[in-house]
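Undergrad: my questions concern the predicted model and sequence given below.
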Amino acid sequence: MKVNNFLCCFKLESGGTFIGFAGLFVYGLSLPLYIFGLVAIIISEANCSMQQKYATIQNDFGFACAGFYSIIPIIIYLLAILVCILGCFASFKLIKGIENHDTSYLNFAVRFHKFLLTMELLSLTKAFRLPLSFTISLIIAILLDLYIIIIINSIINKFNNLPKRNNENTSECV
């Protein structure tokens with residue numbers, strides 16, 4: 001599928017640049033929050049472990065830590081941090097690809113959004129057992145990623161149909 005405009009009235013390049021800057025903003029804002037969450041879990045587990053050792057010395061065995069089960073949120077936070085880093089990189093590549101008319105940069109952004117779309121579709125299989133608000137937000141995210149992929153592919157098609165730039169100086173000195 002191919003479109004000629006972004007949101008029906010803006011140039012594709014303007015829309016792609018907007019998507020790139022919005023991605024940089026969202027992923028750049030999320031990255032420190034996920035890092036903070038990861039550090040909080042690690043500190044909490046370390047603190048709990050120290051309190052548990054102290055409780056053992058005091059013969060108070062009613063204290064329990066998450067232990068092995070804290071690894072699951074740590075892995076989730078590490079994956080979220082990785083996605084944020086890749087999202088920032090893909091958004092930067094999208095902006096630079098539009099600026100330089102370089103489709104190899106744009107292809108990376110498309111692959112990243114296809115990866116997100118795949119993860120969202122896999123999540124959708126479990127979403128119907130979760131609260132309705134989660135399912136609705138997931139469907140919105142799927143539609144948004146589909147639209148972003150269509151926009152970036154349309155920009156790639158537009159750049160591929162443009163005549164190649166000639167970097168040589170064609171003016172002659174007399």
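TA: Here it is on my side, so go on.
Undergrad: helix or strand: which one has Cys8?
TA: Secondary structure from DSSP states H and E places Cys8 outside every helix and strand.
Undergrad: what's the distance between it and Lys158?
TA: Separation of Cys8 from Lys158 (Cβ to Cβ, to the nearest Å): 16 Å. The way it works is simple: take the backbone N, C-alpha and C, and place the C-beta from them, glycine included.
Undergrad: next: Leu124.
TA: Distance from Leu124 to Lys158, by Cβ to Cβ: 31 Å.
Undergrad: so the nearest residue to Ala80 once chain neighbours are set aside is in which element?
TA: Closest residue to Ala80 apart from its sequence neighbours, by Cβ to Cβ, 6 or more residues apart in numbering: Tyr34 at 4.6 Å. Using DSSP H and E, Tyr34 falls within helix 12-57.
Undergrad: and for Ile95?
TA: Assigned by DSSP H and E, Ile95 falls in helix 71-100.
Undergrad: spatially central residue in the chain, please.
TA: Centroid check for the chain by Cα atoms, centre = their mean gives Gly87 as the closest residue, at 3.7 Å.
Undergrad: hmm, that residue is touching Tyr27, no?
TA: Yes: using Cβ atoms under 8 Å, Gly87 makes contact with Tyr27 at a distance of 3.6 Å.
Undergrad: residue ranges in the chain under the pLDDT threshold?
TA: Counting by pLDDT under 70, the chain shows low-confidence ranges at 49-69, 127-128, 164-174.
Undergrad: what backbone torsions are found at Phe6?
TA: phi -100, psi 120 (degrees, to the nearest 10).
Undergrad: my bad, Asp102
TA: Here Asp102 shows phi and psi, under degrees, to the nearest 10, equal to phi -110, psi 110.
Undergrad: and for it, the neighbour number?
TA: 13 (other Cβ atoms under 10 Å).
Undergrad: roughly how far apart are the nearest residue to it once chain neighbours are set aside and Asn161?
TA: Leaving out its chain neighbours, the residue that sits closest to Asp102 by Cβ to Cβ, 6+ apart is Lys96, at 7.0 Å. Lys96 sits 20 Å away from Asn161, going by Cβ to Cβ.
Undergrad: comparing the two, which shows the higher neighbour count?
TA: Neighbours were tallied for Lys96 and for Asn161 using other Cβ under 10 Å; the higher tally belongs to Lys96 (14 against 7).
Undergrad: hang on, that one packs against Tyr105?
TA: Yes: with contact defined as Cβ under 8 Å, Lys96 counts as touching Tyr105 (5.4 Å).
Undergrad: so which of Leu124 and Lys158 has more stuff around it?
TA: Lys158 (17 against 14).
Undergrad: quick one: residues contacting that one.
TA: Leu12 (Cβ atoms under 8 Å, 6 or more residues apart in numbering).
Undergrad: I'm done for today, thanks for sticking with me.
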